[in-house]
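A.B. asks: predicted structure and sequence below. I'll ask about it afterward.
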Amino acid sequence: MRRIIFAVLFLVVGISALFANSPQFLWKPVSESNGRLVVLFPSQIRIETVQSITINDRFKPSNTSQNGANGDRIHARFDKPGKDYGNQAVVKIVTKSGQEFTWTIPRGKDRYEQISNVKPTGNNSTFGDLIAAEAPEGALRLTNANQGTDEYEVKADGEITVDCILSNYGPAEMWIKDENDEILLSWKRSNDKDPALLTVNGQEVAESNPEVKPGDFTPTAQKVKIEVKAGQKLKAHLSGEFGNASSYLVINE
């Protein structure tokens with residue numbers, strides 16, 4: 001009898017180990033709990049590093065969790081069954097450091113699985129994701145390793161796209177000004193707990209520096225648009241005490 005018990009325990013432990021930290025992506029069109037879609041992501045993607053989860057860049061989950069279940073994967077639960085999202089649906093995760101992961105679902109009504117060996121998106125903490133943040137390429141690119149003030153001349157009427165994050169230990173700031181020294185974008189923080197928000201065209205961006213726990217404000221990567229005119233000359237600046245954190249200010253048209 002003892003041998004049987006030990007054999008069962010060994011089997012349970014073995015199965016648990018097999019499915020721990022699962023690299024599997026899973027589209028489950030009809031969940032057992034409520035009959036609606038649930039999407040599971042590879043365990044390397046940590047929920048605290050995620051900026052957004054969408055289907056077709058429109059639909060967002062009504063609930064997300066990552067509590068160690070089913071291979072310690074993020075569970076994103078949606079309001080409708082999988083069939084309602086159609087065929088060739090694109091599931092996308094964007095992390096706070098700007099990484100994107102996408103999966104295309106051939107038929108929304110069918111279960112879909114894929115082993116996705118993605119790189120870890122942090123060390124199980126939001127700040128870990130910020131440390132690993134890398135600045136995207138751009139026409140003008142300032143980073144904590146390349147600080148200072150640079151100039152950029154706008155090529156065409158329309159909008160510039162600005163990617164930025166201000167993650168710092170000591171005083172730090174970034175800004176974009178026009179030729180009249182009018183401030184188009186600014187962000188200034190005195191230390192790593194400063195709740196100051198990114199400001200664009202005089203409007204604060206609420207999601208740029210969320211309070212992840214009482215008194216702990218953690219900046220997130222932002223992508224914003226600023227209206228410009230052809231030939232307009234802009235000045236961009238980034239400087240500060242960043243320590244091991246990563247900050248950047250990148251302009252693209």
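C.D. replies: Done, it's in.
A.B. asks: kindly export the strand or helix carrying Gln51 (C-alpha atoms) in CSV.
C.D. replies: For Gln51, the host element (DSSP states H and E) is strand 50-55. Only the C-alpha atoms of strand 50-55 are listed here, as CSV (Å, rounded to 0.1, in the frame of the first residue of the first chain):
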residue,chain,number,x,y,z
VAL,A,50,2.7,43.8,-19.1
GLN,A,51,1.5,47.1,-20.4
SER,A,52,-1.5,45.8,-22.5
ILE,A,53,-3.1,42.6,-23.9
THR,A,54,-5.4,42.9,-26.9
ILE,A,55,-7.1,41.0,-29.6
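A.B. asks: and the next element down the chain from the least confident helix or strand in the chain by mean pLDDT?
C.D. replies: Lowest on mean pLDDT, DSSP states H and E among the helices and strands of the chain sits helix 126-131, with a mean of 36. Next helix or strand after helix 126-131 toward the C-terminus (DSSP H and E): strand 140-143.
A.B. asks: list the helices and strands the strand holding Gln51 packs on?
C.D. replies: strand 87-95 (3 or more Cβ pairs under 8 Å, 6 or more residues apart in numbering; DSSP states H and E). Heads up, the C-betas are built off the backbone N, CA and C, glycines and all.
A.B. asks: the stretch 51-200 of the chain: strands as residue ranges?
C.D. replies: Ranges of strands in the stretch 51-200 of the chain, per DSSP state E, counting those that start in this stretch, are 63-65, 75-77, 87-95, 100-107, 112-115, 140-143, 148-153, 158-165, 172-177, 183-189, 199-200.
A.B. asks: quick one: which of these is nearest Leu26?
C.D. replies: Smallest distance to Leu26 across those (Cβ to Cβ): 5.3 Å, for strand 112-115.
A.B. asks: send over the closest one as CSV, restricted to the C-alpha atoms.
C.D. replies: Written as CSV, here are the backbone C-alpha positions of strand 112-115 (Å, rounded to 0.1, in the frame of the first residue of the first chain):
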residue,chain,number,x,y,z
TYR,A,112,-5.0,26.7,-30.6
GLU,A,113,-1.6,25.9,-29.0
GLN,A,114,1.9,26.9,-29.7
ILE,A,115,5.2,26.5,-27.8
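A.B. asks: now do that strand: everything it contacts.
C.D. replies: 23-27, 103, 105-106 (Cβ atoms under 8 Å, 6 or more residues apart in numbering).
A.B. asks: for these, which one is nearest Leu238?
C.D. replies: Trp103 (34.4 Å).
A.B. asks: closest to the centroid, which residue in the protein?
C.D. replies: The residue lying closest to the centre of the chain (Cα atoms, centre = their mean) is Thr95, at 1.7 Å.
A.B. asks: next one: that residue from Gly240, what distance?
C.D. replies: 23 Å (Cβ to Cβ, to the nearest Å).
A.B. asks: check Glu137 too.
C.D. replies: Glu137 is 22 Å from Gly240, by Cβ to Cβ.
A.B. asks: who has more neighbours, those two?
C.D. replies: Using other Cβ atoms under 10 Å as the criterion, Glu137 and Gly240 rank with Gly240 on top: 21 against 9.
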